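A.B. asks: coords please:
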Amino acid sequence: MRILVVEDEISIAEAIKAILESATYSVDMVGDGESALDYIVTGMYDLILLDIMLPQLDGVSVLKRVRQLDMDVPIIFLTAKSQLEDKVSGLDLGADDYMTKPFEAEELLARIRVRTRQSTVSQVNYLKLGNIMLNLENRELSTNSHGVTLSNKEFLLMETFLRNPHQVIPKNRLILKVWGPLDDSDYNQLEVFISFLRKKLRFLKATIGIKTTKGIGYSMEEEVS
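C.D. replies: I've put the predicted structure just below:
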């Protein structure tokens, strides 16, 4: 289960991350609202922990935009704003829960379990496009006749592409998702792993392929015969 922590105070974000990882969740952190929105729209998260007071774009605005996109990912506000009207407003806008700081680790984990229980039961464990299927549990990429196991970075890239088919995904978003911040000298890692994926798609005789949009990024497209 993958959780996005949206918190601009690094010490708090790292404390939350430690709590979640101790409960075996996979965790990404981001410190501003604009970046949070970029991460959320990838569709890769099972739950969002969202602060309200954020730079660039506040948490309420992030929530509104996510719900306008008809995304039903569970969102829990985790904020210092403790007035009753703040809680009512957040829930009315589409938040699934509202917790105030400071909080107890056990309560946070319990609320996460409640909010993800339903989605876990109904969660699809594979993604499909064309004749290709990606198993989200064992990282196998396959057709009806062949299969290959992806490395973790290959899997994260392929999952992002398959959750956003036919959409050009900027290079910097892919890099942040898979590697986090990198020095300029390390940016060629993305091209290397894109090459790995293309070779595996060719081996599988896939009817989909990774298209390069020069100067912008990559997209997963169904190939025209």
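
A.B. asks: for the longest helix along the chain, list every residue counted as buried.
C.D. replies: Counting by DSSP state H, the longest helix found in the chain is helix 105-122. Judged by neighbour count using 16 or more other Cβ atoms under 10 Å, the buried positions of helix 105-122 are Leu108, Arg111, Ile112, Arg115, Thr116. From N, CA and C alone the C-beta is placed, and that goes for glycine too.

A.B. asks: for the first one, give me the pLDDT.
C.D. replies: Same thing as Leu108. Per-residue pLDDT puts Leu108 at 91.

A.B. asks: about what we covered before: what's the first helix or strand after the longest helix of the chain?
C.D. replies: Using DSSP states H and E, the helix or strand that follows helix 105-122 towards the C-terminus is strand 126-129.

A.B. asks: list the strands paired with the next helix or strand after that next one, with their directions.
C.D. replies: For strand 126-129, the following helix or strand on the C-terminal side (DSSP H and E) is strand 132-135. Neighbouring strands of strand 132-135 in its sheet, by DSSP bridges, are strand 126-129 (antiparallel), strand 140-142 (antiparallel).

A.B. asks: off-centre distance for the shortest one?
C.D. replies: If you compare the mean C-alpha spot of strand 140-142 with that of the full chain, they lie 20 Å apart, counting by Cα atoms, centre = their mean, to the nearest Å.

A.B. asks: residues making contact with that strand?
C.D. replies: By Cβ atoms under 8 Å, 6 or more residues apart in numbering, the list of residues contacting strand 140-142 from outside reads Ile132, Met133, Leu134, Asn135, Gly147, Val148, Thr149, Leu150, Met158, Lys200, Leu204.

A.B. asks: could you identify the buried members of those residues?
C.D. replies: Applying 16+ other Cβ under 10 Å to the contacts of strand 140-142 flags Ile132, Met133, Leu134, Asn135, Leu150, Met158, Lys200, Leu204 as buried.

A.B. asks: by mean pLDDT, which helix or strand of the chain comes out lowest?
C.D. replies: helix 84-92 (a mean of 74; mean pLDDT, DSSP states H and E).

A.B. asks: secondary structure element holding the most centrally placed residue in the chain?
C.D. replies: Nearest to the mean C-alpha position of the chain, counting by Cα atoms, centre = their mean, stands Met44 at 3.1 Å. Here Met44 sits in a region with no helix or strand, counting by DSSP H and E.
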